[in-house]
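>>> Model the following, please.
(4 chains)
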Number of protein chains: 2
Amino acid sequence: MARPRQALLTRERIVEAAAVLIDAEGLDACSMRRLATELGVQGPSLYNHFATKAEIVDAVAEAVVAQVDISVFRGNDWREGLRLWAKSYHAVLAAHPHIVPVLATGPGRRPAGLAMAEAVYGALIEAGWSRARATHIGALMRYLITGSALGSFALGFEADPDLYDRFPHLHRAHELAAHRAAVDEGAFELGLDLLINSLSDRYDQGVRR
Amino acid sequence: MARPRQALLTRERIVEAAAVLIDAEGLDACSMRRLATELGVQGPSLYNHFATKAEIVDAVAEAVVAQVDISVFRGNDWREGLRLWAKSYHAVLAAHPHIVPVLATGPGRRPAGLAMAEAVYGALIEAGWSRARATHIGALMRYLITGSALGSFALGFEADPDLYDRFPHLHRAHELAAHRAAVDEGAFELGLDLLINSLSDRYDQGVRR
DNA sequence: TGTAAAAACTTACGCCGCTAGTTTAAGCAC
DNA sequence: GTGCTTAAACTAGCGGCGTAAGTTTTTACA
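Residues are numbered from 1 along each chain as shown, chains lettered A, B, ... in the order given. Sure, this is the predicted structure:
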């Protein structure tokens, strides 16, 4: 096939297919040849639309970040804005776990990432936090959110009870996997509560830097 | 060469070489052929000592986790134990950043990971925290530590000021990279303070579940 | 002393990201 | 309308990857 009358590929179609493939089968499954096959095309044809595979994966990451609700900072106290944004971010990452390593590792200089940074940082600055502290708080929230999305803490303990013979306090650790969602969500919620409440206390005491 | 009189490889030598290679050039540089070359051997020879590449990388991760100081829980209040352990963990990951994605993503069922879980969880239980809360606190600390080790928040904002024209609050974001260490460390320290202090407050008020 | 296992080797398979060069259609200038 | 450039598909192929299979030689033990 030479050039078709109607283009088979667009950047949008490629990113959409890559996102579906990554969600369904993970990052490793998303090879250029496999992705091309899903789109009914040969592998190298993708290079007519993206220079590298990394660009495609980045675009998928960008599309995921764009789903986070940053409108919550408008019309809400900074505390409530932070809490609602964090929950939205957390939910988006939970819905697309396979792309999280890309978000957590790489820089956030894509447009949606910058828009999010602007919203978070702006809300903190306008609430009266110092620039340095606002930066710290933003980074800290990112640590909690991406850290919790990266891997299940509960699933880290496998179902074989014998593994824990040498560790008396862990003798029931194998039960964790069964309560995976509750454990992981509980830890995230606790972290969010602790961080926002203690920041709120400092703020109310006038400590804003 | 057939079987040599003195074995050229041992599991220890392989893991050591892999750790050095990963620290120096990153995970991608640590291919079986490259690692074998460093050891003066052909690629497939490694399979006489490890079944898969993943086993080698896991062993490197295990060796890194084993460097974390878990003795700090003995003879210290749970608060101080938690703080010192977190700082030690943080420092170890900062010294070996390339292996962090392996630790953050995968399960922690290697011996050193279990010993660490036992120490953290045990200290919390013996202090009087409920099993559920102790689990949450352990998970939460992991989120903060691995999240902060995964990538520099400050470096996420590149040096081109023009990028931030559309984001008024970010107009000085390009300066962050220059203060990378201070920003990233400040955020981690803030997180540690906030979490431990607010947990301490709850504890002192008798809220331990 | 004979045999089995260990630890190196060579060869090779099927993937991977990506480059180069080819073919045909589309879009535009004259 | 004709010709030129560009776009978007193709095929072929490079070097690298993890790893399987089979070979050779040495060691350790019955």
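>>> Tell me what angle whichever strand or helix holds A:Ala181 forms with helix B:180-204.
Using DSSP states H and E, the element containing A:Ala181 is helix A:180-204. Between helix A:180-204 and helix B:180-204, the angle comes out at 100 degrees (axes from the mean of the first three to the mean of the last three C-alpha atoms, to 10 degrees).
>>> Count the neighbours of A:Arg131 for me.
If you count neighbours by other C-beta atoms under 10 Å in any protein chain shown, A:Arg131 ends up with 14. All C-beta atoms are positioned from the backbone trio N, CA, C, and that covers glycine.
>>> And for A:Leu9?
Using other C-beta under 10 Å, A:Leu9 has 18 neighbouring residues.
>>> Test my guess that it contacts A:Leu39.
Yes: A:Leu9 lies in contact with A:Leu39 (C-beta atoms under 8 Å); the separation is 6.2 Å.
>>> correct me, but A:Thr10 touches A:His49?
Yes: assessed by C-beta under 8 Å, A:Thr10 is found in contact with A:His49 at 7.2 Å.
>>> out of the two, which sits in the busier spot?
Using other C-beta under 10 Å as the criterion, A:Thr10 and A:His49 rank with A:His49 on top: 16 against 10.
>>> which residues touch that one?
A:Leu9, A:Thr10, A:Arg11, A:Ile14 (C-beta atoms under 8 Å, 6 or more residues apart in numbering or on different chains).
>>> Could I get the pLDDT score of it?
As predicted, A:His49 sits at a pLDDT of 96.
>>> what's the distance between it and A:Ala59?
The gap separating A:His49 from A:Ala59 is 10 Å, by C-beta to C-beta, to the nearest Å.
>>> ok and the residue in chain A nearest chain B?
A:Gly147 (2.8 Å; C-beta to the nearest C-beta).
>>> Roughly how far does that residue sit from B:Pro97?
From A:Gly147 to B:Pro97 the distance is 15 Å (C-beta to C-beta).
>>> More neighbours: which of the two?
A:Gly147 (28 against 15).
>>> residue contacts, the residue lying closest to that one once chain neighbours are set aside?
Spatial nearest neighbour of A:Gly147, excluding adjacent residues (C-beta to C-beta, 6 or more residues apart in numbering or on different chains): B:Gly147 at 2.8 Å. Counting by C-beta under 8 Å, 6+ apart, B:Gly147 makes contact with A:Ala104, A:Arg142, A:Tyr143, A:Leu144, A:Ile145, A:Thr146, A:Gly147, A:Ser148, A:Leu150, B:Ala104.
>>> wait, doesn't the second one sit right on B:Phe153?
Read that as A:Arg142. Yes: contact criterion C-beta under 8 Å: A:Arg142 and B:Phe153 qualify, at 6.1 Å.
>>> Need the three-state assignment for A:Asp69.
What DSSP: H, G, I helix; E, B strand; the rest coil gives for A:Asp69 is coil.
>>> How many neighbouring residues does it have?
15.
>>> Show me where chain A has its helices.
Along chain A, counting by DSSP state H, helices occupy A:11-25, A:32-38, A:53-65, A:78-95, A:100-105, A:111-127, A:131-150, A:180-204.
>>> Among the ones you listed, show me which one is buried the most.
helix A:131-150 (a mean of 24; mean count of other C-beta atoms under 10 Å in any protein chain shown).
>>> hey, C-alpha coordinates of it in PDB?
The C-alpha coordinates for helix A:131-150 follow below in PDB (Å, rounded to 0.1, in the frame of the first residue of the first chain):
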ATOM      1  CA  ARG A 131       6.500  30.700  47.600                       C
ATOM      2  CA  ALA A 132       8.900  28.200  49.100                       C
ATOM      3  CA  ARG A 133       6.200  26.500  51.200                       C
ATOM      4  CA  ALA A 134       3.700  26.400  48.400                       C
ATOM      5  CA  THR A 135       6.300  24.600  46.300                       C
ATOM      6  CA  HIS A 136       6.900  22.100  49.200                       C
ATOM      7  CA  ILE A 137       3.300  21.500  49.600                       C
ATOM      8  CA  GLY A 138       2.800  20.900  45.900                       C
ATOM      9  CA  ALA A 139       5.700  18.500  45.800                       C
ATOM     10  CA  LEU A 140       4.500  16.700  48.900                       C
ATOM     11  CA  MET A 141       1.100  16.100  47.500                       C
ATOM     12  CA  ARG A 142       2.600  14.700  44.400                       C
ATOM     13  CA  TYR A 143       4.700  12.300  46.500                       C
ATOM     14  CA  LEU A 144       1.600  11.000  48.300                       C
ATOM     15  CA  ILE A 145      -0.500  10.700  45.200                       C
ATOM     16  CA  THR A 146       2.000   9.000  42.900                       C
ATOM     17  CA  GLY A 147       3.500   7.000  45.700                       C
ATOM     18  CA  SER A 148       0.200   5.500  46.600                       C
ATOM     19  CA  ALA A 149      -0.700   4.900  42.900                       C
ATOM     20  CA  LEU A 150       2.500   3.100  42.000                       C
END
